[in-house]
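S.K.: Pasting a predicted model and its sequence here:
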Protein chains: 4
Amino acid sequence: MVSKLSENTKGVFVISATPFCPDGSLDLDGTEQLLDFYVGCGVHGITILGVMGEANKMTDSESAEFAGRALRHVGQKLPVIVGVTHSALTALKELSHSVMDMGASAVMLQPISGLKSDDALFRYFEKVFETIGPGIPVVYQDFPQASAVHLSPAAWSRMVNAFPDLVMLKHEACPGLAKLSKIRDMERQGLQRRVSILIGNNGLYFPQELHRGADGAMTGFAFPDVLVNVYALFSDGRAVEAEDLFDQYLPLVRHEQQIGFGLPVRKEILRRRGALRHATAREPVYGLTEIDIAEIDRFLERAERKNR
Amino acid sequence: MVSKLSENTKGVFVISATPFCPDGSLDLDGTEQLLDFYVGCGVHGITILGVMGEANKMTDSESAEFAGRALRHVGQKLPVIVGVTHSALTALKELSHSVMDMGASAVMLQPISGLKSDDALFRYFEKVFETIGPGIPVVYQDFPQASAVHLSPAAWSRMVNAFPDLVMLKHEACPGLAKLSKIRDMERQGLQRRVSILIGNNGLYFPQELHRGADGAMTGFAFPDVLVNVYALFSDGRAVEAEDLFDQYLPLVRHEQQIGFGLPVRKEILRRRGALRHATAREPVYGLTEIDIAEIDRFLERAERKNR
Amino acid sequence: MVSKLSENTKGVFVISATPFCPDGSLDLDGTEQLLDFYVGCGVHGITILGVMGEANKMTDSESAEFAGRALRHVGQKLPVIVGVTHSALTALKELSHSVMDMGASAVMLQPISGLKSDDALFRYFEKVFETIGPGIPVVYQDFPQASAVHLSPAAWSRMVNAFPDLVMLKHEACPGLAKLSKIRDMERQGLQRRVSILIGNNGLYFPQELHRGADGAMTGFAFPDVLVNVYALFSDGRAVEAEDLFDQYLPLVRHEQQIGFGLPVRKEILRRRGALRHATAREPVYGLTEIDIAEIDRFLERAERKNR
Amino acid sequence: MVSKLSENTKGVFVISATPFCPDGSLDLDGTEQLLDFYVGCGVHGITILGVMGEANKMTDSESAEFAGRALRHVGQKLPVIVGVTHSALTALKELSHSVMDMGASAVMLQPISGLKSDDALFRYFEKVFETIGPGIPVVYQDFPQASAVHLSPAAWSRMVNAFPDLVMLKHEACPGLAKLSKIRDMERQGLQRRVSILIGNNGLYFPQELHRGADGAMTGFAFPDVLVNVYALFSDGRAVEAEDLFDQYLPLVRHEQQIGFGLPVRKEILRRRGALRHATAREPVYGLTEIDIAEIDRFLERAERKNR
């Protein structure tokens, strides 16, 4: 039995892709293969229906089907976080309860866009927690590039103190190194309880963020096994080796983090690694050209070469 | 039998509110009362599931239920346009066919955000029309305040020439007077066929836009009857009287067009006019204060006074 | 001798245009004529080098020349506020001291863009006040449409309490009615001292804002005399008459507030009213067409007609 | 005698920092030391008064002083590009002529923000070239992250064909790899003449962009000598070695590219390398903490270690 997410959660949570067939329909039968790949990479948890999972390109019923299938397959083995961002609180409640009932360990959400002050953000989450009720662990996805909502350390502190079910920050504001250090500093000063922080942004600053107190990563990088090893080395006190390993894959991390372009690249690599049956991402999406494919070949060859 | 929307469509299309109960649930049984109110105002058509209809705050099944109920009640009397904006083309297709089968006269959509050039916009609509197939009239909602996609007259001309099912522009870029004139000018020069243009933006520049060649309005203003009369006077060659009537309601038009604030104001006025059973808008939403209510009282009293 | 701006400042401050010659050069010799026009309108003060004054289209030396000429001509008669927004604090200091030495009553500034939390905003102003030193009254221009910086009532309260030289809020967030009421409410509760609030946004909600506690307006509307009369009627307890007068000019207020489009319209009207020798605005700028000019004719004729 | 910039310009142009004293004043006397450092790095040209040069934090006279000093010192040895972005065309003309007279090889500019279509962009540059007149080579800085203006390949092609003085694209849209390939492809098809493309974005994708046809880089990276060597290796047909060298410094490239945070980091490294006397950047600016400094130590140590 997998327990719910908590402030003490650590490790590498992979953001799962969603498998589609070449005609764009949901490839439900590809679910197990994909999740088995992730499990085989040694990840500590899985997040489904995130941005990388093309959640915004699915209908409600498709999301429910995929979540159900995924939770049945892997919900007993690993903690699964489910993205439930929605612009209506009624829908947020319904979704959250539904996935928790199916065995999710937590829900993840971004604030609605248009929240323009610390107070507005606080009041929004006050309504969220009132609406969904107690007992559901919540991950705050801090992704201002998409939400245009900015989370200051002071606002975070106030929310952590007010909302006991707020257990994790997915930290992907960029630049965000100073913010991460500031939050850890405020915790040390006793201004709020210590909360789990997993870093996002495709992991572009993972070693730096581990040094600054991150508890792990939550990204869709196509080599989650590498991030798992980086995390293990770092946790083992071997920070230099951890960074050496990370830097070896940094060229690819950087390549995949290009918004819009990174998604088809990542799905193509996941296909080559046997995780996906098809590299299809849902339209509208950037279509890889021959040049893009040759570039991916070169990246993988270079990563191979260094591993020898 | 109501025919499909065409390039020749004219008049005032009201953007329908969506009725909710005080607890935030869909007030399906309030549908007929609301639509009867609009019909009684003399509108030439109705648009459902637009921004004003809080479409983004409904689940897929709620949207389908409300659309079904609305189309059954009024789809035989008036042309009904249904908003189908979705970030996935697969969903767009499914939604469009579904509402057309239920008796809609056209679908309306905004381009996905992130289209950053004339070419990108064109290619997006090329994919849209390929995906949904021929025979479904499409209204382009030009609302860059939300989509961040900008439609130039040149891009519009190219799309009109390429896509015969593109029959209407909902024109609500602001400022947009120059664009409207430019498009009409290009049509006169024979650069593209003449397409219906209904203006949005809550109708803030309705008389000016009629002078510049608009075919009518598509807004959620709580006095659609007034816009119908303005349109009738103008069509009858009585432009000065049309503008006099409009200006009498301009204070309220301006008041309702405040983004975020305007929605609860509008629903409160619709409630007072007997169109809605409850003024409830879905959370998160701005909650009217006593000051806001007193202000509405003052506006309605002033409008009354002028009518005497 | 005109005193410095204070928390008690009230009335209508016009935002002055900057006169240019048809070739785009600064029309320094048109300064007196323009300012005399404003004085003749009965305004209570003048703001120069604001957005409407095309401050961002002038070189530093042009700004200094125009400010000098304006302050010599009118600085002994009326309070003059000078816009000093600059992305470097060193320049802000230099500019502020320079215009105060020339007889300005206060400086006005927008925060730099990119301030993303209440704390970041506070720290910015902390640095501003440290840099410019005490004794210079400061007007905060709250114009998030341009700065992308959002001022919450809580952030405002904190700044008012910390910075004694912060004497006025130019309130032009939109929608902004609720914010204005909230600030006045916090003052009544004793949370911070009462500060002057003049409303901007071209005055689109002037009567509503007077009801909610605004002390006047600061806009570039081409009929400042009308705003002066609206203000006088309202101050005299004749709120209904004030709003009647305002509503008569609302069609034009609304027309002029179109960003980008409004500036050349306004300069054309100022030219017709004898305030400017040339309607020239600096390139790049929207060029009025025959249709736009005919529209202005119609607006002025309608305003005339109502005055009869 | 250094010739003007042309379509054939290649190599690494460093974007120069601007030296300031600890009190924030311009450190004019630090100019020669800084430029000598860059020359010693083997750069092919220097760009002054760019974003990295804090151009927006200087007054007009400071900019002129620094440009004069820099051009006197290095303008006879290397091509110098001067940033002249300004929101008024009159100022753009004045600045451009002034720096060309002092010996600049070209001017660089970003379009004003608010240009929302291919046509609007074209018309803006049409006015720019009309205003500044013929004979001044112009570099287009494509930095939509700041300007919010998006340049499509089609718009670029049209401008290259219309404006013979448009000789270089500073390519820093992100993601931008596909755009670069598309432009080179259009040139090969004969749709427009071949123009120099130097890549920006701190060089984050430099090897990939060289493969796709870039002619070099224009960035402020604190190790321009490394970029010079990467470029030399690549030009010599040793692409793999070029990428190996680049990847060794990629961790630092990635670290410096954090907007806002990267500037003080970069100035600190330039100080340590003897290029700057002071690491001071102008306020408001992020202030490096002890953690940030320790992180820089670690980065430099790691780069050292790999070089052994």
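M.R.: Noted; the coordinates are in hand.

S.K.: Poorly predicted segments of chain A, please.
M.R.: In the predicted model of chain A, residues A:1, A:308 satisfy pLDDT under 70.

S.K.: swap the cut-off to 90 and go again
M.R.: A:1-3, A:114, A:145-147, A:303-308 (pLDDT under 90).

S.K.: what are the ranges of the strands in it?
M.R.: Applying DSSP state E to chain A gives strands spanning A:11-15, A:45-48, A:80-83, A:106-109, A:138-142, A:166-171, A:196-199, A:216-219.

S.K.: and the angle for the first one with strand A:138-142?
M.R.: What that stands for is strand A:11-15. 70 degrees (axes from the mean of the first three to the mean of the last three C-alpha atoms, to 10 degrees).

S.K.: Show me which residues of chain A sit near chain B.
M.R.: By C-beta under 8 Å from any C-beta of the partner chain, the part of chain A that sits against chain B consists of A:24-25, A:54, A:56-61, A:87-91, A:94, A:112, A:114, A:124, A:127, A:131, A:260, A:282-284. Using the backbone N, CA and C atoms, a C-beta is placed for each residue, glycine as well.

S.K.: Which among those residues count as buried?
M.R.: With neighbours counted using 16 or more other C-beta atoms under 10 Å in any protein chain shown, those contain these buried positions: A:24, A:54, A:56-60, A:87-91, A:94, A:112, A:124, A:131, A:282-284.

S.K.: residues contacting the nearest residue to A:His86 once chain neighbours are set aside?
M.R.: Residue nearest to A:His86 in three dimensions, not counting chain neighbours: A:Leu92, with 4.8 Å by C-beta to C-beta, 6 or more residues apart in numbering or on different chains. The contact partners of A:Leu92, taken as C-beta atoms under 8 Å, 6 or more residues apart in numbering or on different chains, are A:84-86, A:109, A:128, A:131-132.

S.K.: if we can go back for a sec, output the strands of chain A in JSON lines; the columns should cover distance to C:Val39.
M.R.: Formatted as JSON lines, those follow (distance: least, C-beta to C-beta, whole Å):
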{"stretch": "strand A:11-15", "distance to C:Val39": "64"}
{"stretch": "strand A:45-48", "distance to C:Val39": "65"}
{"stretch": "strand A:80-83", "distance to C:Val39": "61"}
{"stretch": "strand A:106-109", "distance to C:Val39": "56"}
{"stretch": "strand A:138-142", "distance to C:Val39": "52"}
{"stretch": "strand A:166-171", "distance to C:Val39": "56"}
{"stretch": "strand A:196-199", "distance to C:Val39": "60"}
{"stretch": "strand A:216-219", "distance to C:Val39": "63"}
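
S.K.: quick one: which of those is nearest chain C?
M.R.: strand A:138-142 (11.6 Å; C-beta to the nearest C-beta).

S.K.: Can that closest one be said to contact chain D?
M.R.: No - applying C-beta under 8 Å from any C-beta, one finds strand A:138-142 separated from chain D by no less than 15.7 Å.

S.K.: Could you see whether chain C lies near that strand?
M.R.: No - figure legend: strand A:138-142 not in contact with chain C (C-beta under 8 Å from any C-beta); closest approach 11.6 Å.

S.K.: what does that strand rub up against?
M.R.: Strand A:138-142 is contacted by residues A:5, A:50, A:81, A:83, A:85, A:106-111, A:125, A:128-129, A:132, A:151, A:159, A:163, A:165-173, A:176, A:200 when judged by C-beta under 8 Å, 6+ apart.

S.K.: filter the residues you listed by proximity to chain C?
M.R.: Answer for the contacts of strand A:138-142 near chain C (C-beta under 8 Å from any C-beta): A:Leu151.

S.K.: Now do the contacts for A:Ile259.
M.R.: Neighbouring residues of A:Ile259 by C-beta under 8 Å, 6+ apart: A:145, D:175.

S.K.: re earlier: report the buried members of the contacts of strand A:138-142.
M.R.: A:5, A:50, A:81, A:83, A:85, A:106-111, A:125, A:128-129, A:132, A:151, A:159, A:163, A:165-173, A:176, A:200.

S.K.: Next up, the contacts around A:Phe13.
M.R.: So A:Phe13 contacts A:43-47, A:79, A:81, A:198, A:216-218 (C-beta under 8 Å, 6+ apart).

S.K.: hmm, try it at 10 Å
M.R.: A:5, A:38, A:43-47, A:50, A:78-81, A:105, A:108, A:139, A:168, A:170, A:198, A:200, A:216-219, A:224, A:227 (C-beta atoms under 10 Å, 6 or more residues apart in numbering or on different chains).

S.K.: got it, and A:Thr47?
M.R.: Contacts for A:Thr47 (C-beta under 10 Å, 6+ apart) come out as A:13-16, A:53, A:79-83, A:104-106, A:108, A:139, A:141, A:170, A:198, A:200, A:218-220.

S.K.: Distance of whichever residue of the stretch 201-308 of chain A sits closest to chain C relative to B:Asn161?
M.R.: Scanning the stretch 201-308 of chain A for proximity to chain C using C-beta to the nearest C-beta identifies A:Asn201 as nearest, at 16.5 Å. A:Asn201 sits 42 Å away from B:Asn161, going by C-beta to C-beta, to the nearest Å.

S.K.: cool, and A:Pro207?
M.R.: In terms of C-beta to C-beta, A:Pro207 sits 54 Å off from B:Asn161.

S.K.: likewise A:Arg212?
M.R.: According to C-beta to C-beta, A:Arg212 and B:Asn161 sit 55 Å apart.

S.K.: In this structure A:Val149 contacts A:Pro111, no?
M.R.: Yes - A:Val149 lies in contact with A:Pro111 (C-beta atoms under 10 Å); the separation is 4.6 Å.

S.K.: got any residues that touch both of those two?
M.R.: A:120-121, A:124, A:142-143.

S.K.: and which of those is nearest chain C?
M.R.: The shortest approach to chain C among the shared contacts of A:Val149 and A:Pro111 belongs to A:Ala120, at 7.0 Å (C-beta to the nearest C-beta).

S.K.: need the helices for the stretch 201-308 of chain A, in chain order.
M.R.: When assigned using DSSP state H, counting those that start in this stretch, the helices of the stretch 201-308 of chain A occupy the ranges A:206-211, A:224-235, A:239-256, A:262-272, A:290-307.

S.K.: Pull the distance from the first one to the chain's centre.
M.R.: When you say that, I think you mean helix A:206-211. Centre-to-centre, helix A:206-211 and its host chain are 16 Å apart (C-alpha atoms, centre = their mean, to the nearest Å).

S.K.: Next, the buried residues of that helix.
M.R.: Of the residues in helix A:206-211, A:206-211 count as buried by neighbour count, 16+ other C-beta under 10 Å.

S.K.: now for it, which elements pack on it?
M.R.: With contacts taken as 3 or more C-beta pairs under 10 Å, 6 or more residues apart in numbering or on different chains; DSSP states H and E, helix A:206-211 sits against helix A:177-188, strand A:196-199, strand A:216-219, helix A:224-235, helix A:239-256, helix D:239-256, helix D:290-307.

S.K.: Of those, which stretch is the most buried?
M.R.: strand A:216-219 (a mean of 28; mean count of other C-beta atoms under 10 Å in any protein chain shown).

S.K.: anything in that strand near chain D?
M.R.: No - applying C-beta under 10 Å from any C-beta of the partner chain, one finds strand A:216-219 separated from chain D by no less than 14.9 Å.
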